[in-house]
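Colleague: starting from these lines, generate the structure:
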Amino acid sequence: MQVDLDCWLSNPDVTEFVRHHNLTSVRDLERHYCARVVRSANAQNRTAVVWQEIFDNGAASDPNHTVVHVWMGGWQGRLSAVTAAGYRALLSSCAASMLCSLPSVDMLSRGIRFTQ
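Modeller: The predicted structure follows:
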């Protein structure tokens, strides 16, 4: 993860927000924030795109209005988990750079197929 979420708790305004909203952890705060972002995007008839860490941390909350950007190694398992949970996925070329060495890769139940 690129951001140490615990740093949020060093800010008195953030800790007051956490207390006021009855959040019990930094993960709860992250989930709250991400849900607001998705709702905001949806209200503007847009789809939110989140990094896979948001999904991995349990902060992705709306498969109908969220695309998960899979970009880290081990992409096959991560992509499988994302799509099994009902989310659409965006696969980065950095995660799939090994595709060119594979004769064929079936992209799960989405009907997307890469062939060499």
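Colleague: which helix or strand lies directly C-terminal to the longest helix along the chain?
Modeller: Secondary structure of the chain per DSSP state H: the longest helix is helix 26-43. Remark: after helix 26-43, the chain's next helix or strand is strand 48-51, criterion DSSP states H and E.
Colleague: next one: whichever helix or strand comes after that next one to chain centre, how far?
Modeller: Downstream of strand 48-51, the first helix or strand assigned by DSSP H and E is helix 52-56. Relative to its parent chain, helix 52-56 has a centroid offset of 4 Å by CA atoms, centre = their mean, to the nearest Å.
Colleague: sort out which residues of helix 52-56 are buried, please.
Modeller: Neighbour counts over helix 52-56 (16 or more other CB atoms under 10 Å) mark 52, 53, 54, 55, 56 as buried. In short, each C-beta sits where N, CA and C put it, glycine included.
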